[in-house]
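>>> following is a predicted model, sequence given first.
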Amino acid sequence: QVQLVESGGGLVQAGGSLRLSCAASGSIFSVQVMGWYRQAPGKQRELVAQIISGSSAYYADSVKGRFTISRDDAKNTAYLQMDSLKPEDTAVYYCRAVVRTTPLPLDYQYWGPGTQVTVSS
């Protein structure tokens with residue numbers, strides 16, 4: 001089994017910054033994808049940013065230039081640096097990882113429990 005633990009959420013004023021962390025642990029052979037999604041009240045969960053191994057990062061248009069995703073493969077940890085935060089960034093942020101637990105090309109998806117980010121105006 002693989003567990004994802006998120007941290008770093010909280011309350012911040014508009015224009016401020018937060019840094020989210022997502023640590024994956026358990027039976028991990030390799031992590032293929034790590035990403036961040038968010039879900040605001042009454043809205044669908046949306047992809048914010050993700051990194052696929054061997055590829056460049058993807059960002060939603062709404063966060064380009066403000067958010068930066070990074071990975072520390074040695075620690076199986078992903079980070080989301082969020083700058084110039086806006087009230088519309090308020091949501092529960094979820095970490096998602098696509099993991100291989102053996103050398104075989106079999107990928108499994110895991111989600112973290114979510115961390116609340118609230119941006120006040």
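Good, I have the coordinates. Small disclaimer: the values here were computed from a predicted structure and weren't measured. Numbers count the residues shown, from 1 in each chain.

>>> residue contacts, the residue nearest to the spatial centre of the chain?
Closest to where the C-alpha atoms of the chain average out (C-alpha atoms, centre = their mean) is residue 36, at 2.5 Å. Counting by C-beta atoms under 8 Å, 6 or more residues apart in numbering, residue 36 touches 20, 22, 47-50, 69, 78, 80, 93-96. From N, CA and C alone the C-beta is placed, and that goes for glycine too.

>>> just list whatever residues bridge to it.
Beta bridges link residue 36 to residue 49, residue 95, judged by DSSP bridges.

>>> please report how far it lies from residue 19.
12 Å (C-beta to C-beta, to the nearest Å).

>>> find the residues that touch each one of these two.
residue 80.

>>> just the pLDDT for the residue of the chain positioned farthest from its centre.
Residue farthest from the centre of the chain, counting by C-alpha atoms, centre = their mean, is residue 104 at 25.2 Å. Reading off the confidence values, residue 104 has pLDDT 94.

>>> mind checking what secondary structure it has?
coil (DSSP: H, G, I helix; E, B strand; the rest coil).

>>> residue 16 against residue 118, yeah?
No. Counting by C-beta atoms under 8 Å, residue 16 stays clear of residue 118, with 10.9 Å between them.

>>> pull the CA atoms of stretch 90-99 into PDB?
Taking C-alpha atoms only, stretch 90-99 is exported to PDB below (Å, rounded to 0.1, in the frame of the first residue of the first chain):
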ATOM      1  CA  THR A  90      -9.600  29.000  -1.900                       C
ATOM      2  CA  ALA A  91     -10.200  25.300  -2.000                       C
ATOM      3  CA  VAL A  92      -9.300  21.900  -0.600                       C
ATOM      4  CA  TYR A  93      -6.000  20.900  -2.300                       C
ATOM      5  CA  TYR A  94      -5.500  17.200  -3.000                       C
ATOM      6  CA  CYS A  95      -2.200  15.400  -3.900                       C
ATOM      7  CA  ARG A  96      -2.400  12.700  -6.500                       C
ATOM      8  CA  ALA A  97       0.400  10.200  -7.300                       C
ATOM      9  CA  VAL A  98       0.700   7.500  -9.900                       C
ATOM     10  CA  VAL A  99       3.000   4.800  -8.500                       C
END
